[in-house]
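Asks: quick one, fold the following:
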Amino acid sequence: MKLNNGRQLRAARALLGWDQPKLAKAAKVAIGTIRRMESFESSIQSHTGTLLRVQTALEKGGIEFLNDDRPGVRLKERPR
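Replies: All right, here's what the predicted structure looks like:
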C-alpha cells in the first residue's frame with residue numbers, strides 16, 4: 001500500500017502524535033517538504049524518493065496505509 005494524498009499524510013502523522021518537525025527528521029527531509037506534501041488534496045506531487053522516505057518513516061513509526069476504494073491509514077497491530 002502507498003501514501004496517496006495530503007489528508008492521508010496528516011492523518012498518519014496525527015495517529016502517531018508526531019508534529020511536522022518530527023516527521024521531517026525521521027524521513028530526513030525538510031520541514032517545508034512535509035508542509036507542501038500535506039497541502040495536496042489529490043495525489044502528492046513529489047520526487048518518488050522523497051515520498052518513499054516519508055512513507056517509510058511513517059511505516060516504521062507504526063502506520064499501515066490502506067488503499068482500497070477509500071484510502072486511509074491505521075496503526076499496525078502490535079505483537080502481543
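Asks: show the subsequent helix or strand relative to the longest helix along the chain.
Replies: Looking across the chain with DSSP state H, the single longest helix is helix 48-61. Note on helix 48-61: by DSSP states H and E, the next helix or strand toward the C-terminus is strand 63-66.
Asks: can you list contacts of that following strand?
Replies: Contacts with strand 63-66, where a contact means Cβ atoms under 8 Å, 6 or more residues apart in numbering, come from 1-4, 8, 12, 15-16, 55, 58-59, 71-76. Quick note: C-beta positions are derived from backbone N, CA and C, even for glycine.
Asks: circling back to that earlier point, what about the longest helix of the chain, average pLDDT?
Replies: Mean pLDDT, computed over helix 48-61, is 95.
Asks: now for that helix, which elements pack on it?
Replies: helix 6-16, helix 20-27, helix 31-38, strand 63-66 (3 or more Cβ pairs under 8 Å, 6 or more residues apart in numbering; DSSP states H and E).
Asks: go again with 7 Å.
Replies: Applying 3 or more Cβ pairs under 7 Å, 6 or more residues apart in numbering; DSSP states H and E, we find helix 48-61 packed against helix 20-27.
Asks: by contact count, what packs against the helix it packs on?
Replies: Packed against helix 20-27, as judged by 3+ Cβ pairs under 7 Å, 6+ apart, are the following elements: helix 31-38, helix 48-61.
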